[in-house]
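Participant: this is a predicted model, with the sequence first.
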Amino acid sequence: MRLSFLIAVIVLTALPAAADDRAVFYGTWGTPGQCARTSIMEGGTVMAEPFMINSGWLRHGQIWCRLDWGPLETRENDVVTGAQALCGEDAVRSYLLGLTLSDENLTLRWDFTLTNGPLKRCPGQ
């Protein structure tokens, strides 16, 4: 009983520290057009949307992804982490999401095939 209590205390005190370290990724990120929510096409009605990231979710326009974070690593001037992103509502799809923050530029890599970035923190964030 004492050993399991000790393990629970260690785990519970370690988790908030890791979550705080990931705060460098939290906020609203995009290109200048995404941050300004400009029209995707000249005269169009669909607006570009930035990526909004917090401790549990990533949102891009109407798409929401639940994030299950992986370990955080610091490499020279970069902060790198990954997450399993479960995206969608009726038809949920799983992605392996890599996040790299380098010189205030965020790059998102989805299943190692699609890359968004470099993204800047949107003004006011």
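Facilitator: Nice, I can see it.

Participant: helices of this structure, start to end?
Facilitator: Listed in chain order, the helices of the chain (DSSP state H) span 2-21, 32-36.

Participant: other residues contacting the longest strand belonging to the chain?
Facilitator: Longest strand of the chain, by residue count under DSSP state E: strand 63-75. Strand 63-75 is contacted by residues 18-19, 21-22, 53, 55-59, 79-89, 95, 97 when judged by C-beta atoms under 8 Å, 6 or more residues apart in numbering. From N, CA and C alone the C-beta is placed, and that goes for glycine too.

Participant: what do you get for stretch 113-125?
Facilitator: Under C-beta under 8 Å, 6+ apart, the answer for stretch 113-125 is 27-32, 34-35, 50-51, 102, 104-110.

Participant: re earlier: now do the longest strand of the chain, average pLDDT.
Facilitator: Throughout strand 63-75, pLDDT has a mean value of 96.

Participant: same thing with stretch 27-44?
Facilitator: pLDDT averaged over stretch 27-44 gives 94.

Participant: now do the buried residues in that stretch.
Facilitator: Buried residues in stretch 27-44, defined by neighbour count with 16 or more other C-beta atoms under 10 Å: 27-31, 34-35.

Participant: gap between the spatially most central residue of the chain and Asp111?
Facilitator: Central residue of the chain (C-alpha atoms, centre = their mean): Ile53, 4.7 Å from the mean position. Going from Ile53 to Asp111 by C-beta to C-beta, to the nearest Å gives 18 Å.

Participant: same question for Gly82.
Facilitator: 11 Å.

Participant: what does stretch 98-109 rub up against?
Facilitator: Contact with stretch 98-109 is made by 24-25, 29, 51, 77-83, 97, 112, 115-121, as judged by C-beta under 8 Å, 6+ apart.

Participant: identify those among the residues you listed that sit within strands.
Facilitator: Short answer: the contacts of stretch 98-109 in strands (DSSP E) are 29, 51, 78-83, 97, 115-121.
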